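A.B. asks: 3D model of this:
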Amino acid sequence: MSRTLVKDALHATAPMDAILLQGWVRTRRDSKTFSFIELNDGSSLKGIQVIADSSLPDYVNITKANTGASIEVHGRLVESKGSGQKWEVAAQRFTILGEADATYPLQKKGHTLEFLREIAHLRPRSNLFGAVFRVRSRLAYAIHQFFQERGFHYVHTPIITASDCEGAGELFRVSTLDPANPPRTEQGAVDFAKDFFGKQSYLTVSGQLEAEIFATALSNVYTFGPTFRAENSNTSRHASEFWMIEPEIAFCDLQGNMSLAEEFVKHLIRDAKEHCAGDLEFFAKFVDKDLLARLDFVLERPFQRCSYTEAIDILTRSGRKWEHPVSWGDNLQSEHERFLAEEHFKCPVTVYNYPRSLKPFYMRVNEDGKTVCAMDLLVPGIGEIIGGSQREERLDVLKENLAAHHLSEKDYWWYLDLRRYGTVPHSGFGLGFERMLMFVTGVANIRDVIPFARTPGTAEF
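C.D. replies: The predicted model follows:
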C-alpha cells in the first residue's frame, strides 16, 4: 500500500477503508481502553488524530509512542466524532519505527526562539518552523513561476568569483593555501598566483554582473542562489549567507525596473495567501496579529514612489529626533526606511535617484551628474526588501565610475566589453529571499527563516 500524506488525508472527500500513514508523534493520551495519538508528517500544520484500541495485537508497544517517536499506522479513515476535525484514523496496526525518550527536546511546552536555534536539526519539527519552511519552499517555487511565465531565463551564476560586485570589500576568501605557511612573493606578500585559481578568489556577494552578460544575449534573465557577506553585523536583518533573486532585463529603464519589482512582491504575497493559508493563519495567531491585514493592505494599494531628495525632505520635516541624523548625501538607515513605509506613506514605497556617491560603480548616472538611477523598495516592518538600478550602459561613463571607485579596468575587462559590443539600456534588482520571508510570515529575525543561520561567530550544523 502506498503512503498517504497527512495533508491529503485531512482533505479527503470520503472515508477510506485502508490508509497508510507515516510520521512523528506530537502527543499521546491514554485511557483504559484506547489511546489518542496526534501524528504529523510535516506536510501540513495540522496533524491527524489516530485512535489505537487496546485490543490491537501491538497495543503493548503504545508506551513507546512518545512525543518525537516515528510511527507507521495502517487503518481506516473515518469521520471524527471530535470537534475541530473532519477525519481521524482508526488504527488496525501500528509500528514504532524510531523511539524517542524523555530527553527529546521538543516536548509539548513553549520554547524560546533562542533555544530552538541551538537545536536547528530538530526545530523544523515544531509548528512554527514547520510552517516557516513550508512557506519558504512554496515561495521559492512562486519565484520561478513568476519569471518563467514572463519569458525570463534562469541563469546559474558562479558562487566562486574574482570580482566584487558591490565594491565594499566584505568578502569571504576562497583559498587552498596553507594559512600557517603560505607561499610568498619576493616582496614578502602572500603569492596568490600559486593559489588554486591563480588569483585571489571569493564567495560571491551577487550574481548581478554575470547576469548582465546573459541579459545582453537572452534579453530577460534571473538568478536565484546563495550569496555571502563577510560583514560583522549582528542584527535581526543581516546574515552572512543568504539567498538572492536577481532579475536582469535588457531594454529596460528605471521605471520599468520599479514596476517589475512592485509586481513581483505582490505576486509572492498573493501566492502565499493562496497556497499557505493555514500556515499564515498560524503566524497571524502566534507571531504577528497584524500580519494578514498588512499583507492585504499591500496587495490592495498601489505602491508609492518618491525620490531620495523628496524622502530626505520628508524625514527632515517630520520633526523626529533620529538616532542617525539625516542630510542629503547620507545613506537612509533602517529607522528612516521604516518611517517612510510605516508612518508617512503607510504602505510600500519605492525610493529612487540616490546620490551618486552612495552607490556602486555600475549604476547609471542621471543627467544632473549628482544622482544615479537607483531604487530601493521599502516595506512596513522590514525596511528595504529590494535594491536595484538601471545599469550604466555608456562605456565612457562606466570607465569614469570605475576610476572614481578606484577599481581597475583590467579586472572588469569583460564587463566593459558588454558596453563595447552592442550595448543596450538594461536594469535589474536584487530581492533578499529571507527578508521577503520575514515580511510574509511576520517572523522578526532572519535567523528564523533560514534553515541553518550563518552569522558572525555561528556556523553550526
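A.B. asks: list the buried ones in stretch 397-407?
C.D. replies: Leu398, Lys399, Asn401, Leu402, Leu407 (16 or more other Cβ atoms under 10 Å). (C-beta placed from N, C-alpha, C; glycine too.)
A.B. asks: what's near enough to touch Val424?
C.D. replies: Thr216, Ala250, Phe251, Glu393 (Cβ atoms under 8 Å, 6 or more residues apart in numbering).
A.B. asks: want to throw the buried residues of stretch 397-407 into a markdown table with distance to Glu281?
C.D. replies: Converted to a markdown table, these look like this (distance: Cβ to Cβ, whole Å):
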| residue | distance to Glu281 |
| --- | --- |
| Leu398 | 49 |
| Lys399 | 54 |
| Asn401 | 48 |
| Leu402 | 51 |
| Leu407 | 49 |
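A.B. asks: can you show me the strands along the stretch 1-150 of the chain?
C.D. replies: Under the criterion DSSP state E, counting those that start in this stretch, strands of the stretch 1-150 of the chain are mapped to 16-30, 34-40, 48-53, 70-79, 87-98.
A.B. asks: elements contacting the third one?
C.D. replies: Which is strand 48-53. helix 6-10, strand 34-40, strand 87-98 (3 or more Cβ pairs under 8 Å, 6 or more residues apart in numbering; DSSP states H and E).
A.B. asks: hmm, back to that, which one of the strands of the stretch 1-150 of the chain lies closest to Leu378?
C.D. replies: strand 34-40 (37.4 Å; Cβ to Cβ).
A.B. asks: C-alpha coordinates for the closest one, PDB please?
C.D. replies: C-alpha atoms of strand 34-40 as PDB (Å, rounded to 0.1, in the frame of the first residue of the first chain):
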ATOM      1  CA  PHE A  34      -7.600   3.100  23.800                       C
ATOM      2  CA  SER A  35      -5.100   5.800  23.100                       C
ATOM      3  CA  PHE A  36      -5.200   9.000  21.100                       C
ATOM      4  CA  ILE A  37      -2.100   9.900  19.000                       C
ATOM      5  CA  GLU A  38      -1.600  13.100  17.100                       C
ATOM      6  CA  LEU A  39       0.500  12.200  14.100                       C
ATOM      7  CA  ASN A  40       2.200  14.800  11.900                       C
END
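A.B. asks: circling back: same list (the helices and strands packed on strand 48-53) but as CSV, adding distance to Trp24, mean neighbour count and mean pLDDT.
C.D. replies: As requested, the helices and strands packed on strand 48-53 are exported to CSV (distance: least, Cβ to Cβ, whole Å; neighbours: other Cβ atoms under 10 Å; pLDDT from 0 to 100):
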stretch, distance to Trp24, mean neighbour count, mean pLDDT
helix 6-10, 10, 18, 96
strand 34-40, 6, 20, 96
strand 87-98, 9, 18, 95
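A.B. asks: turn these into TSV, columns for distance to Ile312.
C.D. replies: Output for the helices and strands packed on strand 48-53, formatted as TSV (distance: least, Cβ to Cβ, whole Å):
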stretch	distance to Ile312
helix 6-10	49
strand 34-40	51
strand 87-98	58
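A.B. asks: need the helices for the protein, in chain order.
C.D. replies: 6-10, 113-118, 127-148, 208-218, 254-275, 277-286, 291-300, 308-317, 334-338, 395-404, 413-420, 433-441 (DSSP state H).
A.B. asks: among the ones you listed, which is the most enclosed?
C.D. replies: Mean neighbour count, computed with mean count of other Cβ atoms under 10 Å, is highest for helix 433-441 among those, reaching a mean of 24.
A.B. asks: avg pLDDT for it?
C.D. replies: For helix 433-441, the mean pLDDT works out to 95.
A.B. asks: contacts for it?
C.D. replies: 131-132, 135-136, 139-140, 143, 224, 237, 239, 242-245, 265, 268-269, 272, 279-280, 283, 287-288, 291, 295, 379, 381-382, 384-385, 443-446, 449-450.
A.B. asks: what's the angle from it to helix 127-148?
C.D. replies: 110 degrees (axes from the mean of the first three to the mean of the last three Cα atoms, to 10 degrees).
A.B. asks: now find how far off-centre helix 433-441 is within its chain.
C.D. replies: Relative to its chain's centre, helix 433-441 lies at 6 Å (Cα atoms, centre = their mean, to the nearest Å).
A.B. asks: which stretches of this structure have low pLDDT?
C.D. replies: Low-confidence segments of the chain, defined by pLDDT under 70: 164-169.
A.B. asks: looking at it, which residue reaches furthest from the middle?
C.D. replies: Ser55 (49.0 Å; Cα atoms, centre = their mean).
A.B. asks: how about the nearest residue to Lys86 once chain neighbours are set aside, what does it touch?
C.D. replies: Distance criterion Cβ to Cβ, 6 or more residues apart in numbering; nearest residue to Lys86, sequence neighbours excluded, is Ser80 at 6.1 Å. Going by Cβ under 8 Å, 6+ apart, Ser80 touches Gln49, Lys86, Trp87, Glu88.
A.B. asks: please repeat the previous calculation with a cut-off of 10 Å.
C.D. replies: Ile48, Gln49, Ile51, Lys86, Trp87, Glu88, Val89 (Cβ atoms under 10 Å, 6 or more residues apart in numbering).
A.B. asks: dihedrals phi and psi, the residue nearest to Glu393 when sequence neighbours are not counted?
C.D. replies: Leaving aside its chain neighbours, Glu393 sits nearest to Thr423 (4.7 Å; criterion: Cβ to Cβ, 6+ apart). Dihedral pair for Thr423: phi -60, psi 150, per degrees, to the nearest 10.
A.B. asks: was I right to think Thr423 contacts Leu398?
C.D. replies: Yes - between Thr423 and Leu398 there is a contact under Cβ atoms under 10 Å: 9.3 Å.
A.B. asks: and for these two, which residues touch both?
C.D. replies: Common neighbours of Thr423 and Leu398 (Cβ under 10 Å, 6+ apart) are Arg391, Glu392, Leu416.
A.B. asks: and the last one, how far is that from Leu407?
C.D. replies: Right, the one you point to is Leu416. According to Cβ to Cβ, to the nearest Å, Leu416 and Leu407 sit 11 Å apart.
A.B. asks: what sits in contact with each of these two?
C.D. replies: Counting by Cβ under 10 Å, 6+ apart, nothing touches both Leu416 and Leu407.
A.B. asks: which ones are touching Phe251?
C.D. replies: Ala215, Ser219, Asn220, Val424, Pro425, His426, Ser427.
A.B. asks: quick check, Val25 in contact with Gly47.
C.D. replies: Yes - assessed by Cβ under 10 Å, Val25 is found in contact with Gly47 at 9.1 Å.
A.B. asks: any shared contact partners between the two?
C.D. replies: Applying Cβ under 10 Å, 6+ apart, one finds that Val25 and Gly47 are jointly contacted by Ile37, Glu38, Leu39, Asn40.
A.B. asks: out of those residues, which is nearest to Ala261?
C.D. replies: Asn40 (37.1 Å).
A.B. asks: which one is the closest one nearest to, not counting chain neighbours?
C.D. replies: Nearest one to Asn40, counting by Cβ to Cβ, 6+ apart, is Gly47 at 3.7 Å.
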